[in-house]
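Colleague: for reference, the sequence and a predicted model appear below.
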Amino acid sequence: MSNISGIERETLLQAARRFGTPVYVYNQSKIEEQCLKLHKYFPDVAFHYAVKANANPDVLRIIRKQGMGAEGVSEGELAAALAAGFKKKDLSFTCSNLREEELRAAAASGARVHLDSLNQLEVWGRLKLGKEVSLRLNQGIGAGHHKHVITGGPDSKFGIGLEDIAEAKGIAKKYNLSITGLQQHIGSNALDAGILLKAARVLLKTAAQFEDVTHIDFGGGLGIPYAPSEKELDLKAFGAELKKYIHEFKKSRGKTVEFAMEPGRFLVAEAGTLIVSVTDIKQTTKHTFVGVDSGFNHLLRPALYASYHPIENLSRTRGKRGRFSVAGNVCESGDVFATDREMLAPDIGDVLAICNAGAYGFSMASTYNLRVLPKEILITKDGKLKNISFDSALFAR
Ligand code: LLP
């Protein structure tokens, strides 16, 4: 949820004036604050930031400097992480349905590769890509804000099912591989630590069947509250409980085991705002449409997942309120950021902030309808505005 203070409002308006709208603005202090929270509540865990949430090079550098590693799902993401200074040893890679040469490139990058299928394991062995392997498991537990982002369970394409463990071990034996890592990622934007803890507990139980395992990765999925009715994830309780599991597991092993998590959204979502301008207002028999100069080409989440993003009018703090549907400028009826949302009545020319857009906002943006991508601006720690726009084509492979 957003709570735009007076200073923030002025800074965001300044960004809109200086760089034009639509524009993404990220707040460095907020990203750092989120990193600190994770280190505080999960002292035994190494973090690999999921680059897909926001791959901006400056954002990556900020996160790296906070002591995080990085997780990538493509050669491009690994290249972006390396360019931002992440060390090879702090990289991990997870992806399904790869071409052989992609798997080869992932192995060559030095990242810890979590293999997604029996076939990937077979290819890894046949190509002799390394003696040690890590497996991504699908333990039948999934969670997430929308069915598209639930990555555990029988409807998910990801991971090696528990029923295939014996076969995986067989393939490993055939190629003389040692299964030293296990990973899972059950889905995205869980606000209930209960499900993440349950999945962690089951993973540790499964790990007992793998005597060589020295690295366990619980994946990402840590949620943030988008809608006013949603509550923050209770990190303190989550961290305390996970710590107990970790200690128990370490004791049972009698050797060093490393633990990791792969948060994406949690670090960047609340730090980012998409700023747009009102270009039109239209009353239909059913809705009042407030047209803006951006659309799902720049922020896809509402159209793709019916996601809620708080919207604030930066140009006014008081006035008449009403219900408005905020619609974009893409030529599709599904291009609506909010339907019948209660807000201050806007006027043409007003500047609106679409909040909590720092994760999976710009990174999922496109030039659909042949409109240019928004600029990306950073509010640095000393309150300055820095243009950090980058050309993602430089990294895409
Ligand atoms: N690890 C793996 C293997 C993943 O696939 C993902 C996200 C993450 C970590 C990070 O998940 P997070 O902590 O951000 O939830 N576009 C969607 C989210 C897709 C997430 C895909 N995988 C959205 O806008 O909600």
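Modeller: Now that the structure is in, tell me what you want to look at.

Colleague: looking at the stretch 1-150 of the chain, which residue is nearest the ligand?
Modeller: Minimum separation of the stretch 1-150 of the chain from the ligand (C-beta to the nearest ligand atom) falls at A50, amounting to 3.4 Å. C-beta: built from backbone N, CA, C; applies to glycine.

Colleague: so who does that residue touch?
Modeller: Residues counted as contacts of A50 (C-beta atoms under 8 Å, 6 or more residues apart in numbering) are E71, G220, E262, P263, G264, R265.

Colleague: will you turn these into CSV that also has pLDDT and distance to G152?
Modeller: Shown next, in CSV, are the contacts of A50 (pLDDT from 0 to 100; distance: C-beta to C-beta, whole Å):
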residue, pLDDT, distance to G152
E71, 98, 17
G220, 97, 12
E262, 98, 14
P263, 98, 17
G264, 98, 16
R265, 98, 17
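
Colleague: this protein: helices as residue ranges?
Modeller: 6-19, 28-41, 57-65, 75-83, 100-108, 118-126, 165-174, 193-207, 235-253, 265-268, 301-305 (DSSP state H).

Colleague: and those helices, which is most packed in?
Modeller: By mean neighbour count, with neighbours taken as mean count of other C-beta atoms under 10 Å, helix 265-268 ranks first of those at a mean of 28.

Colleague: look up how far L196 lies from the residue nearest to G221 when sequence neighbours are not counted.
Modeller: In this structure, G221 finds its nearest non-sequential neighbour in A190, 4.8 Å apart by C-beta to C-beta, 6 or more residues apart in numbering. The gap separating A190 from L196 is 5 Å, by C-beta to C-beta, to the nearest Å.

Colleague: quick check: neighbours shared by those two?
Modeller: A143, G221, L222.

Colleague: adjacent strands (with direction) for the lengthiest strand in the chain?
Modeller: Across the chain, the longest stretch assigned as strand under DSSP state E is strand 272-283. Strands that pair with strand 272-283, judged by DSSP bridges, come out as strand 23-27 (antiparallel), strand 288-292 (antiparallel), strand 351-354 (antiparallel).

Colleague: if I pick the residue in the stretch 51-200 of the chain that the ligand sits nearest to, what's in contact with it?
Modeller: Nearest to the ligand, among the residues of the stretch 51-200 of the chain, is S188, at 3.3 Å (C-beta to the nearest ligand atom). S188 is in contact with G144, H145, V149, T151, G220, G221, G223, G264, R265, counting by C-beta under 8 Å, 6+ apart.

Colleague: nearest residue to the last one other than its sequence neighbours?
Modeller: When you say that, I think you mean R265. A359 (4.0 Å).

Colleague: what residues does the stretch 101-250 of the chain have near the ligand?
Modeller: V149, H185, S188, N189, G219, G220, G221, L222 (C-beta under 6 Å from any ligand atom).

Colleague: report the contact partners of V213.
Modeller: Here V213 is in contact with I179, T180, G181, L182, A207, V257 (C-beta under 8 Å, 6+ apart).

Colleague: if I pick the fifth one, what's in contact with it?
Modeller: So the one you mean is A207. Contacts of A207 by C-beta under 8 Å, 6+ apart are L182, V213, I216, F249.

Colleague: next: the last one.
Modeller: Neighbour list for V257: V213, T214, H215, I216, F249, K250 [criterion: C-beta under 8 Å, 6+ apart].

Colleague: give me the distance between it and H247.
Modeller: The gap separating V257 from H247 is 11 Å, by C-beta to C-beta.

Colleague: now for those two: what residues contact both?
Modeller: By C-beta under 8 Å, 6+ apart, no residue touches both V257 and H247.

Colleague: next one, pLDDT for the residue of the stretch 1-150 of the chain closest to the ligand please.
Modeller: Per-residue pLDDT puts A50 at 98.

Colleague: now V149
Modeller: For V149, pLDDT reads 88.

Colleague: quick one: residues contacting it.
Modeller: Contacts of V149 by C-beta under 8 Å, 6+ apart are G187, S188, N189, Y305.

Colleague: ok, for the second one, nearest residue in space, not its chain neighbours?
Modeller: What that stands for is S188. Nearest one to S188, counting by C-beta to C-beta, 6+ apart, is V149 at 4.0 Å.

Colleague: likewise for the last one?
Modeller: With sequence-adjacent residues excluded and distances taken as C-beta to C-beta, 6+ apart, Y305 is closest to H146, at 4.1 Å.

Colleague: list phi and psi for the one you found.
Modeller: For H146, the backbone dihedrals (degrees, to the nearest 10) come out as phi -160, psi 150.

Colleague: tally up the residues packed near it, please.
Modeller: With neighbours defined by other C-beta atoms under 10 Å, the count for H146 comes to 14.
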